[in-house]
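Asks: A structural model of the following input is requested.
(2 chains)
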Number of protein chains: 2
Amino acid sequence: RFKGRVALLFQPAEEDGAGGREMVNEGVMDRFAVDQVYGIHNAPNVPFGHFLTTPGALMASVDTAYVYLTGKGGHGATPHDCVDPIVALVGMISAIQTIIPRNIYALDEAVLSVTMVNSGTASNIIPEEAMFAATIRCFKPEVRALLKKRFHEIVEGHAAAYGVQARIDYDWGYPATINHADQAAFAVEVAAEIVGDTAVNGNSVREMGSEDFSYMLEARKGAYLFMGTGPGAGLHHAAYDFNDEAAPIGASFFARLVERAQPLA
Amino acid sequence: RFKGRVALLFQPAEEDGAGGREMVNEGVMDRFAVDQVYGIHNAPNVPFGHFLTTPGALMASVDTAYVYLTGKGGHGATPHDCVDPIVALVGMISAIQTIIPRNIYALDEAVLSVTMVNSGTASNIIPEEAMFAATIRCFKPEVRALLKKRFHEIVEGHAAAYGVQARIDYDWGYPATINHADQAAFAVEVAAEIVGDTAVNGNSVREMGSEDFSYMLEARKGAYLFMGTGPGAGLHHAAYDFNDEAAPIGASFFARLVERAQPLA
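Replies: Below you'll find the model as predicted:
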């Protein structure tokens, strides 16, 4: 019961492979003359059938940095003959903690977590190499660029200070998931038709997780929503089990969205 | 050509198993009525046949610390829900660098090298646990005790500060190798008889390596010497090859030592 065209985008590599980016880059929006895009993500432990979304930023951008340091290894008894990569790594990670509180405006949300450190094989050997990794998340492109700039300055400055070689692999990942305000408001209206006003929060808090539907929202106007599937193991948990009863609600939302956006009359 | 008794101690587990300690603990000195002990260690890249030793400290004590931290892991996007063990580790290792320059008297030689760091398995997960290891070397028992005390204070203080649990395995290892002055002077005289005055340095520099002959020198008076074996791959190097031509010189040294210490007449 609608007049017009609908494209159903079944996206591969949703979780980690940037399938959304690949589909956009390969022309899916032009090929099917897509005008607006909408998506739903299931949300365990949000009340069953409830919808959450917001105008503007819903999820964060995510970049990943891998830093590889090369010093000069040797005997643990003679550090003066070595260039110790662990002391350089410690200096870098310590200074990296200052980026969020000292360089980012307090109202601009961001997270930078160093999540891996690795160096050395024996208690009495000063290793030649050390590595660490970090995940870097925020909402605004200018904050994202500043985080990258300061990360490089701190690593490179400390590398010079300690005399180690540093290689930074800075993977520029998913952008922030930014809902378009009019489309988010429209999706909220539609959701309220399906599950009732009290089960829809159109001004939900954003979160620091990330999502490659972002690429579609960069290419076209649209909105992304979370839909509660009730109690159960969280996403990415080994015991996660999708609540099949939620599927008809999501399908009804999409069907009603199409009917409202492209009415017969 | 001597009057008296000689015990030849063939020691197992010389390199890493503290065989010297085991032999002393099992009573080898009493069993064979050992009065004094002497030992030689080969020294690649010291001129062939040269002897090096010193009264007092020749090699360092070596202790090894393993520190295991437990925080609270979680998603890299939500550090506020976690207790980050990597930031605690970084704080500890950074502060540990202050022990030698701030707590140890400048004339008391010591080395403390953090040689391993390990934490984390993925770029987007704040790990639950982190570990690091260090080698700790010096010459004086009171310095050794102070290094241990400050190491514990720094790790425990930072653990409290960051809210992580810390377990310290502090392996109390080989003591310093301390030559007895009279015995070292005697060994130098004997060595000079074998290879000539110019090939013996009785006031050699001590070094930060370590040696479990230390336990024998704690149990009895004696001296330890290095004997040059000429050019070649260093000790512990995969290409190391003992220079067999050095063996008669070492044997002559020991034979002459016995003759001089317990003459026929």
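Asks: List the contacts of the closest residue to A:T54 other than its chain neighbours.
Replies: Residue nearest to A:T54 in three dimensions, not counting chain neighbours: A:S204, with 4.9 Å by C-beta to C-beta, 6 or more residues apart in numbering or on different chains. For every residue, glycine as well, the C-beta is placed using N, CA and C. Contacts were defined as C-beta atoms under 8 Å, 6 or more residues apart in numbering or on different chains; by that measure A:S204 touches A:L52, A:T53, A:T54, A:L58, A:F226.
Asks: go again using 6 Å as the cut-off
Replies: Neighbouring residues of A:S204 by C-beta atoms under 6 Å, 6 or more residues apart in numbering or on different chains: A:L52, A:T53, A:T54.
Asks: Which is the succeeding secondary structure element to the lengthiest helix in chain A?
Replies: Using DSSP state H, we find that the single longest helix of chain A is helix A:141-162. Using DSSP states H and E, the helix or strand that follows helix A:141-162 in sequence is strand A:165-171.
Asks: So which bits of that next one are buried?
Replies: A:A166, A:Y170 (16 or more other C-beta atoms under 10 Å in any protein chain shown).
Asks: what does stretch A:245-253 give?
Replies: A:A246, A:I249, A:G250, A:F253.
Asks: of those, closest to A:G120?
Replies: Nearest to A:G120 out of these is A:A246 (C-beta to C-beta; 48.2 Å).
Asks: just to confirm, which helix or strand has A:V62 in it?
Replies: Going by DSSP H and E, A:V62 is in strand A:61-70.
Asks: quick one: average confidence on that strand?
Replies: Mean pLDDT, strand A:61-70: 97.
Asks: Could you do stretch A:24-33 as well?
Replies: 95.
Asks: and what of stretch A:166-175?
Replies: 96.
Asks: Just want the angle from the longest helix of chain A to strand A:61-70.
Replies: 10 degrees (axes from the mean of the first three to the mean of the last three C-alpha atoms, to 10 degrees).
Asks: mind listing the helices in chain A by residue range?
Replies: Counting by DSSP H, the helices of chain A are A:19-25, A:28-31, A:85-96, A:99-103, A:141-162, A:181-195, A:214-219, A:247-261.
Asks: want to throw these into JSON lines with distance to A:R1?
Replies: As requested, these are exported to JSON lines (distance: least, C-beta to C-beta, whole Å):
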{"stretch": "helix A:19-25", "distance to A:R1": "28"}
{"stretch": "helix A:28-31", "distance to A:R1": "25"}
{"stretch": "helix A:85-96", "distance to A:R1": "56"}
{"stretch": "helix A:99-103", "distance to A:R1": "50"}
{"stretch": "helix A:141-162", "distance to A:R1": "40"}
{"stretch": "helix A:181-195", "distance to A:R1": "14"}
{"stretch": "helix A:214-219", "distance to A:R1": "26"}
{"stretch": "helix A:247-261", "distance to A:R1": "6"}
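Asks: Deepest-packed of those helices, please.
Replies: helix A:85-96 (a mean of 24; mean count of other C-beta atoms under 10 Å in any protein chain shown).
Asks: touching chain B at all, it?
Replies: Yes. With C-beta under 6 Å from any C-beta of the partner chain as the criterion, chain B is reached by helix A:85-96 at A:I86, A:V90, A:I93, A:S94.
Asks: and chain A, which residues reach chain B?
Replies: So chain A meets chain B at A:64, A:76-77, A:79, A:86, A:90, A:93-94, A:111, A:113-120, A:123-126, A:133, A:135, A:137, A:208-209 (C-beta under 6 Å from any C-beta).
Asks: what residues does the longest helix of chain A touch?
Replies: Residues contacting helix A:141-162 (C-beta under 6 Å, 6+ apart): A:61, A:65, A:67, A:88, A:91-92, A:95-96, A:99, A:103, A:108, A:110, A:136, A:138, A:166, A:168.
Asks: try it again with 8 Å
Replies: Contact with helix A:141-162 is made by A:61, A:63, A:65, A:67, A:69, A:71, A:83-84, A:87-88, A:91-92, A:95-96, A:98-99, A:103-104, A:108, A:110, A:112, A:134, A:136, A:138, A:165-166, A:168, A:170, A:172, A:175-176, as judged by C-beta under 8 Å, 6+ apart.
Asks: chain center to that helix: distance?
Replies: Centre-to-centre, helix A:141-162 and its host chain are 20 Å apart (C-alpha atoms, centre = their mean, to the nearest Å).
Asks: Stretch A:39-50 too?
Replies: With C-alpha atoms, centre = their mean, you get 18 Å for stretch A:39-50.
Asks: What separates the first and last residues of it, distance-wise?
Replies: 15 Å (C-alpha to C-alpha, to the nearest Å).
Asks: for stretch A:158-168, same thing?
Replies: Span of stretch A:158-168 from end to end, C-alpha to C-alpha: 13 Å.
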